[in-house]
Structures are given as structure tokens and as C-alpha cells.
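In: only geometry, no sequence info:
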């Protein structure tokens, strides 16, 4: 399994990495620190799952989500964000996000998602 | 670990503080958006450490488009103390009041209108400042007490800091973020100014992120 973590915060990426490693430390993880990088890595690496932040410099997560889904309609994107406004959540779901999770995520939430993706 | 910003924090600690501000302000905005049925665009937060004597210059750069300001200021105390300042351009309090008002109700009395505009500003300040700081203190496992907020309308923002209790030789940690209300072109900034005594407590934020 290959995952992509997109967040401008290094500590936020570290946190997700540690939760994933606890689930299975053989999972391959790629990182991107803004939306533009995310679209490039997504294209190059075709991850099974992407964790995507919304509030980022250069290109925000909404725009990155739009491009990622445009490039690959089947891309599985979990939006992981502090922007938990109802309209933001609705917008992400309408744009094709698989799920929207609130920061800081619970370990069990992430593990459950990894289970679902693995067993598809 | 590499240090910068006057040796107060490592880069990773600054990153953790920025993420703490991001999560806390995001949570506060979600509360406000739900109450007012609006959508608020969030900017990426920033963390700076500056000398108190450089504070006005630093904040002034952020709000250089605001000729005069409408400000909600609230002091907080706990394991460390600080000042929260929510700043809008002067005049926006009228727009803010319209969110609370039924359109068919027209108030002609200017004194009453000014009081209501001030109250609308204070209410929005209460929600954003209270929820944001409350979340920060929750994330760093610390307790907080607030003083009642003050509102200033049509003021120069410097007046808010000139009478503050901050010692001019001290370092102040600025946690700042900008935002805009999507439907009305209202933009604003929240600045949290924390004194030197906050450094060890804020460093706890990093541990939280590292689990």
C-alpha cells in the first residue's frame, strides 16, 4: 500500500506518519507540503490513499482536490483539516472526497480507514 | 535541532505552534460559521517573535490596508498571560451587525445604532477569541481566565497596544491569522500576543503533536 500525506505543517505530517506506522510500518509514504506539490506527487506515485489538508500556501486543498479528482476520478482522498465549517465539509464531499476528518485525528479513525482501503 | 526567531523556538516548535493556531482558529471559525450561517475563508496562520518595541511595526505591516480599525481586545491569564486582538477595518462593524439583524428592522436612531454595532463586534470577538484561545489552552493542557473584552471603533490600532502592560524590552510571541467572510468581503485579523513567560508552556504544544 502506498499513501500520500499533504500538509504544510511538518509536525502534522509527522503525526499522521506515526499513526500509519503504528498500523503497519511497511506502508510506503510520500509527502507534499502544499496543494501544487500534492497534484504532482499524486500523478507520479498514484497512491492508494491521500490525506489532504485544506489551508495551505501556494495551492489550497480545495483546488488540489479538484485537480486530483480531475486527473483520476478514482483517487481516494481523505481531507484532514482544521477547517471544519459545515460548508467546507459539504464542498469537499461534493468534490469527491472519501471522507473529511477533523484535526487532530484519532488514531482509531485513521486505522479504520486504512483497514477499509486494504480490504477493498 | 535548528533554532531561529531569537532562539526562542526551534523550527519544529514554531511549526507545532502554527498548527496549534490553525486547529484552534479553525475550531473557533466553525462555531461562528454555524451560529451565523456563513462561510469564512481561512489564511495560513503565522508565528513570530519580536521585541515589544517592534510590535506595532510588525502588526502594522499586516493591516496596512486598514486606515482605522474596529478592535476587540481581550486579556487572558493562566499559566501565562497574553492579549488577544481581533481587528477589522473601521466601518465593518455595520456589516457585522447586519448578520444579527432582521432586514425589515430599520434603526434610525444613530446612538442606538452605534451601540448595536459595538455589541455585534463584541459578540463576534467573544466567539472567535474565546473559542480560539480556549482550544489552544486545551491543546497544551493549561487553564485560562479571561478579563472582559474591550471594543474600540474607529481607532488607530496602535492605541490598543500603547496602554498595554507589555514591557518594551521584552520579547512577545505573536500568533496571527487572517480571515475573510466570503459573502460580504469582510476581512479581519486575529493576533494573540504572548509574553516571554509563555515560552515553556507553548513548547508543550510540540509534545502534544508528537503524541
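Out: On my side now, so go ahead. Bear in mind the structure is a predicted one, so any value in this text is a computation, not a measurement.

In: show me the longest helix that occurs in chain A.
Out: Looking across chain A with DSSP state H, the single longest helix is helix A:10-23.

In: following element in sequence after that one, please.
Out: strand A:28-32 (DSSP states H and E).

In: gap between residue B:75 and residue B:157?
Out: Using C-beta to C-beta, to the nearest Å, we find residue B:75 at a distance of 16 Å from residue B:157. (Glycine included, C-beta is placed from N, CA and C.)

In: repeat that for residue B:115.
Out: Residue B:115 is 22 Å from residue B:157, by C-beta to C-beta.

In: one more: residue A:11?
Out: From residue A:11 across to residue B:157, the span is 31 Å (C-beta to C-beta).

In: tell me which element the residue in chain B that chain A sits nearest to is part of?
Out: Distances between chain B and chain A by C-beta to the nearest C-beta are smallest at residue B:26, namely 3.0 Å. Element membership of residue B:26 [criterion: DSSP H and E] is helix B:11-36.

In: what packs against that helix?
Out: With contacts taken as 3 or more C-beta pairs under 8 Å, 6 or more residues apart in numbering or on different chains; DSSP states H and E, helix B:11-36 sits against helix A:10-23, helix A:86-94, strand B:3-4, strand B:40-42, strand B:46-51, helix B:110-139, strand B:171-181, helix B:199-210.

In: mind listing what's buried in the longest one?
Out: With burial defined by 16 or more other C-beta atoms under 10 Å in any protein chain shown, the residues of helix B:110-139 counted as buried are B:116-118, B:120-137, B:139.

In: low-confidence ranges, chain B, go.
Out: For chain B, applying pLDDT under 70 flags the ranges B:1-7, B:102-109, B:160-165, B:205-211.

In: which parts of it sit against chain A?
Out: Within reach of chain A by C-beta under 8 Å from any C-beta of the partner chain, chain B has these residues: B:12, B:15-16, B:18-19, B:22-27, B:29-30, B:33-34, B:39-40, B:42-44, B:206, B:209-211.

In: can you tell me which of the residues you listed are buried?
Out: Using 16+ other C-beta under 10 Å as the burial test, those include B:12, B:15-16, B:18-19, B:22-27, B:29-30, B:33, B:39-40, B:42-44, B:206, B:209 as buried.

In: show me what the one residue sitting closest to the centre of chain A is bridged to.
Out: Most central in chain A under C-alpha atoms, centre = their mean is residue A:51, positioned 1.2 Å from the mean C-alpha point. Beta-bridge partners recorded for residue A:51 (DSSP bridges): residue A:5, residue A:78.

In: quick one: it and residue A:16 touch, right?
Out: Yes: in this structure, residue A:51 is within contact of residue A:16 by C-beta atoms under 8 Å, at 5.6 Å.

In: which residues are common contacts for those two?
Out: A:5, A:7, A:80 (C-beta atoms under 8 Å, 6 or more residues apart in numbering or on different chains).

In: looking at these, which is nearest chain B?
Out: Nearest to chain B, judged by C-beta to the nearest C-beta, of the shared contacts of residue A:51 and residue A:16 is residue A:7 at 8.4 Å.

In: next, format the helices and strands packed on helix B:11-36 as a markdown table and append distance to residue B:60.
Out: As requested, the helices and strands packed on helix B:11-36 are exported to a markdown table (distance: least, C-beta to C-beta, whole Å):
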| stretch | distance to residue B:60 |
| --- | --- |
| helix A:10-23 | 30 |
| helix A:86-94 | 31 |
| strand B:3-4 | 23 |
| strand B:40-42 | 22 |
| strand B:46-51 | 12 |
| helix B:110-139 | 20 |
| strand B:171-181 | 12 |
| helix B:199-210 | 24 |
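
In: what's the closest of the ones you listed to residue B:83?
Out: Nearest to residue B:83, of all the helices and strands packed on helix B:11-36, is strand B:171-181, at 9.0 Å by C-beta to C-beta.

In: what angle separates that closest one from helix B:110-139?
Out: 120 degrees (axes from the mean of the first three to the mean of the last three C-alpha atoms, to 10 degrees).

In: quick check: next helix or strand after strand B:171-181?
Out: Next along from strand B:171-181, by DSSP H and E: strand B:186-194.

In: need the residues that contact that next one.
Out: Contacts with strand B:186-194, where a contact means C-beta under 8 Å, 6+ apart, come from B:21, B:25, B:55, B:59, B:62-63, B:80-89, B:92, B:95-96, B:128-129, B:132-133, B:136, B:164, B:166, B:172-181, B:202.
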